[in-house]
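Chemist: Just the structure for this:
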Amino acid sequence: MQISLQHQVALVTGGSSGIGAAVAAALAKAGAAVAINYHSQREPAQKLADKIVADGGKAIAVGADVGSQADVDRMFAQTLDAFGRLDILVANSGLQRDAGIDDMTLDDWNTVINTNLTGQFLCAQAAIRQFTRQDIQPNGSRARGKIIHMSSVHQRVPWAGHVNYAASKGGVDLLMQSLAQEVSERGIRVNSIAPGAIATPINQENTKGEAGEKLLELIPYGRIGDVEDVANATVWLASDLSDYVVGTTLFIDGGMSVYPEFRDNG
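Modeler: The predicted structure follows:
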C-alpha cells in the first residue's frame, strides 16, 4: 500500500545526516513538504533540500540548536513562513559524549541532556502549541498533529559508560508517554521510535568488519539495521495507517531489546 503524506508539512530535527536525513527524504518521497533542521552541518542539509526540490518536492534547510528556546522559536517561525502550517514533528536531534562515570564531566552530562531531552521537550512544546491553534485539513491527516520522538533501545537497555545518553533516552520515553496522555484528547498523536544498531557514516567503526560481527551477537535477527529501516517506520507512524497508535514506542532493533544474551542462560 502506498502511503501518502500529501498536503502535510514535516519538521525533522537533526536532519543533515544519518537517520534524520533518511527520515526527511522518506517523508518528502511520501509527499510531505519538509523542513530539514541542522545545527552545524548546513551544507548536507541544504544539499538534501535541493535534491528534494529537484525531484519535485518541497523542502528547506533550517539551522537551529534544539536546546535553545530562541533557536527553536526561530526554526518553527521559518517553517511556518515557508509552508504555512505544521503537521508532523520528528524530534530526532541527538548526540553522545561518552565516558565512564568516574571521568564524565558535568559538561558531558549537561550537553547530552540539553540536546537529547531538553531539545525534544522544547520542540514538542512548540509543535503542540502550533497544532492546537491550526485547523485540521480536510484533505490532510485525521490527526491535528503528530509527534515522533527519536529514542533508542537504551531507553530500556542499560549502557555502562554512557549514563548521560541512557538517562536522556529514558527521559524521552516518559516525556513521550506523558505528552501522549496529556494532549491526545486534542487530536494530537505522540509516539516514539527506538532504533537499535543502525549503520550510519558516524558509527561505521562499530558496524563494519570485526566490530560489526561482534555486534551481531546482540541482534537476534542477524543483521545490522539500515537508516531506511527507521525512515520507513517513521513514515508509517506519521501516516493515517497508524492513526490509532498513541503513546507507543516502536523498537526498530532486530530484537536487540529482548536481551538475546539470555537465550542460553535462562
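Chemist: Need the residues that contact stretch 257-266.
Modeler: Applying C-beta atoms under 8 Å, 6 or more residues apart in numbering, the contact partners of stretch 257-266 are 153, 156, 157, 194, 196, 217, 218, 219, 220, 251. Every residue, glycine included, has its C-beta placed from N, CA and C.
Chemist: Give the full set of residues in contact with the first one.
Modeler: Looking back up the chat, that one is residue 153. Contacts of residue 153 by C-beta under 8 Å, 6+ apart are 194, 195, 196, 251, 253, 256, 257.
Chemist: Please repeat the previous calculation with a cut-off of 6 Å.
Modeler: With contact set as C-beta atoms under 6 Å, 6 or more residues apart in numbering, residue 153 has these partners: 194, 196, 253, 256, 257.
Chemist: okay, the second one: pLDDT?
Modeler: On pLDDT, residue 196 comes in at 96.
Chemist: what about it, neighbour count?
Modeler: 23 (other C-beta atoms under 10 Å).
Chemist: Quick check on the contacts of stretch 257-266: which are buried?
Modeler: 153, 156, 157, 194, 196, 218, 219, 251 (16 or more other C-beta atoms under 10 Å).
Chemist: Looking at those, which is nearest residue 115?
Modeler: Of all these, residue 115 sits closest to residue 194, with 17.3 Å by C-beta to C-beta.
Chemist: SS state for the closest one?
Modeler: strand (DSSP: H, G, I helix; E, B strand; the rest coil).
Chemist: do the same with residue 190
Modeler: What three-state DSSP gives for residue 190 is strand.
Chemist: so how far is residue 86 from the residue nearest to residue 17 when sequence neighbours are not counted?
Modeler: In this structure, residue 17 finds its nearest non-sequential neighbour in residue 44, 5.8 Å apart by C-beta to C-beta, 6 or more residues apart in numbering. Per C-beta to C-beta, to the nearest Å, residue 44 is found 23 Å from residue 86.
Chemist: more crowded one of those two?
Modeler: residue 86 (22 against 15).
Chemist: any idea how far that one is from residue 242?
Modeler: When residue 86 is compared with residue 242 (using C-beta to C-beta), they lie 18 Å apart.
Chemist: cool, and residue 191?
Modeler: Taking C-beta to C-beta, one finds residue 191 at 8 Å from residue 242.
Chemist: Wait, a helix at the residue nearest to residue 17?
Modeler: Yes - secondary structure of residue 44 (three-state DSSP): part of a helix.
Chemist: my read: it touches residue 15, true?
Modeler: No - Residue 44 is beyond contact range of residue 15, at 9.2 Å (criterion: C-beta atoms under 6 Å).
Chemist: Model confidence at residue 67, what's the number?
Modeler: According to the model, residue 67 carries a pLDDT of 97.
Chemist: ok, which pair from the contacts of stretch 257-266 is furthest apart?
Modeler: 194 and 217 (19.7 Å).
Chemist: mean confidence score for stretch 43-61?
Modeler: For stretch 43-61, the per-residue pLDDT averages 98.
Chemist: i'd like the first residue to be 39 from this point on
Modeler: Sure, I'll start counting at 39 from here, so that last one is stretch 81-99.
Chemist: can you give me the strands in the protein?
Modeler: Along the chain, counting by DSSP state E, strands occupy 47-50, 71-76, 97-101, 126-129, 183-188, 226-233, 236-237, 263-264, 287-290.
Chemist: List of residues touching the lengthiest helix in the chain?
Modeler: For the chain, the helix with the greatest residue count under DSSP state H is helix 201-221. Residues from elsewhere that reach helix 201-221, judged by C-beta under 6 Å, 6+ apart: 134, 139, 146-147, 150-151, 154-155, 158, 162, 166, 187, 189-190, 192-193, 197, 228, 230, 284-285.
Chemist: ok, the nearest residue to residue 286 once chain neighbours are set aside to residue 292 distance?
Modeler: Closest residue to residue 286 apart from its sequence neighbours, by C-beta to C-beta, 6+ apart: residue 229 at 5.1 Å. According to C-beta to C-beta, residue 229 and residue 292 sit 20 Å apart.
Chemist: same deal with residue 126?
Modeler: From residue 126 to residue 292 the distance is 26 Å (C-beta to C-beta).
Chemist: Since that was my last question, I'll sign off now.
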